[in-house]
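Student: for reference, the sequence and a predicted model appear below.
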Amino acid sequence: MVGGFFVTTHSTLALLGLALFLALSVSVVRPDFLTSAETQAYSWVRENAIGLWWEPENTANRSTAIDLKDIPRRQSAVATWLAKKYKVAPEPIAALVAEAYVLSETSGIKPHLIMAVMAIESNFHPYIQSQVGAQGLMQVMTEIHIKKYEKYGGKLTAFDPLTNMRVGVAVLQECIKLRQGSIEGGLLFYLGGSNADSESPYVAKVLAEQQRLDQVAAGDNVSVLQ
């Protein structure tokens, strides 16, 4: 096995050396040929998605951000208002708003309620962690719900905004079902399980924020100071 590897490597290096020698020879006689060959080789590399170490990686497709003009007017209004209130960039918030509308269709949870939970839980800071281990935008208890993260790549994806959001919505959906469809009961259970303090202002805060988002989406002028 080692010998075969050595032969393969040696042959490859020999071919590379020969190619370099021929390229240098051609460049002296016909430099136009070399330029054409370089262009074709570079195009082939790019078309076949082969990484070039000297080129910066294009990570645009992995960014959690959407241009406001690329989402519906109601969603754009909500994203703009949230960005101002919580002092975050509008483009990432726009991506979260758009995802909330998608998740609403599959979960039955209203999109502005999803956004309101994130607002109250984390102020839209995706890397926040509580003293008891709740993590990310929706402050999901990662160790308790670790199986929900498995299909996304494991527990570290708790800090990916969209993944945390999807898992958080799944948890909230379960909480609402456990409380026979009660939004208030589900929110309270989401807050602290069966040990949640029924006197906590959490539910009222979430529902009030949801109401403000409903008003913003409807075109009302809502102060960000509320």
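Tutor: Looks like it came in fine.
Student: which residues of this structure score low on pLDDT?
Tutor: Counting by pLDDT under 70, the chain contains low-confidence ranges at 1-55, 60.
Student: what's the domain layout of it?
Tutor: Using automatic domain parsing, the domains assigned to the chain come out as 2-57, 68-217.
Student: ok, now which ones touch T64?
Tutor: Residues in contact with T64 (C-beta atoms under 8 Å, 6 or more residues apart in numbering) are 92, 95-96, 160-162. The C-beta positions use only the backbone N, C-alpha and C, and glycine is treated the same way.
Student: at 10 Å instead, please
Tutor: By C-beta atoms under 10 Å, 6 or more residues apart in numbering, the contact list for T64 reads 91-96, 99, 126, 160-163, 165.
Student: then Q210?
Tutor: Contacts of Q210 by C-beta under 10 Å, 6+ apart are 110-117, 119-120, 183.
Student: look up how far I114 lies from it.
Tutor: Distance, Q210 to I114, using C-beta to C-beta, to the nearest Å: 9 Å.
Student: what of T80?
Tutor: As for T80, its distance to I114 is 18 Å (criterion: C-beta to C-beta).
Student: which of the two has more residues huddled nearby?
Tutor: Between T80 and I114, I114 has the larger neighbour count (other C-beta atoms under 10 Å), namely 25 against 17.
Student: do I have it right that that one meets E105?
Tutor: No - I114 lies out of contact with E105 (C-beta atoms under 10 Å); the separation is 11.5 Å.
Student: ok, the contacts of T64 vs G133, which is closest?
Tutor: Checking these against G133 with C-beta to C-beta, the nearest one is P126 at 15.8 Å.
Student: look at the residue lying closest to the closest one once chain neighbours are set aside and say how many residues are nearby.
Tutor: Nearest residue to P126 in three dimensions, chain neighbours excluded: P161, at 4.6 Å (C-beta to C-beta, 6 or more residues apart in numbering). Residues near P161, counting by other C-beta under 10 Å, number 22.
Student: quick check: P161 vs V206, distance?
Tutor: Noted for P161: a distance of 19 Å to V206, by C-beta to C-beta.
Student: likewise A95?
Tutor: Applying C-beta to C-beta to A95 and V206 gives a distance of 21 Å.
Student: for those two, indicate the residue with more neighbours.
Tutor: Neighbours were counted for A95 and for V206 using other C-beta under 10 Å; V206 has more, 24 against 21.
Student: which strand or helix spans the more buried one?
Tutor: Assigned by DSSP states H and E, V206 falls within helix 202-217.
Student: for that helix, output the C-alpha coordinates as PDB.
Tutor: Output of helix 202-217 as PDB, limited to C-alpha atoms (Å, rounded to 0.1, in the frame of the first residue of the first chain):
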ATOM      1  CA  TYR A 202     -43.500  36.100  30.100                       C
ATOM      2  CA  VAL A 203     -46.700  35.100  28.400                       C
ATOM      3  CA  ALA A 204     -48.200  38.600  28.500                       C
ATOM      4  CA  LYS A 205     -44.900  40.000  27.100                       C
ATOM      5  CA  VAL A 206     -44.900  37.600  24.200                       C
ATOM      6  CA  LEU A 207     -48.600  38.200  23.300                       C
ATOM      7  CA  ALA A 208     -48.100  41.900  23.500                       C
ATOM      8  CA  GLU A 209     -45.200  41.800  21.100                       C
ATOM      9  CA  GLN A 210     -47.200  39.600  18.800                       C
ATOM     10  CA  GLN A 211     -50.000  42.200  18.800                       C
ATOM     11  CA  ARG A 212     -47.600  45.000  17.900                       C
ATOM     12  CA  LEU A 213     -46.200  42.900  15.000                       C
ATOM     13  CA  ASP A 214     -49.800  42.300  13.800                       C
ATOM     14  CA  GLN A 215     -50.300  46.100  13.800                       C
ATOM     15  CA  VAL A 216     -47.100  46.800  12.000                       C
ATOM     16  CA  ALA A 217     -47.900  44.200   9.300                       C
END
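Student: all set now, cheers.
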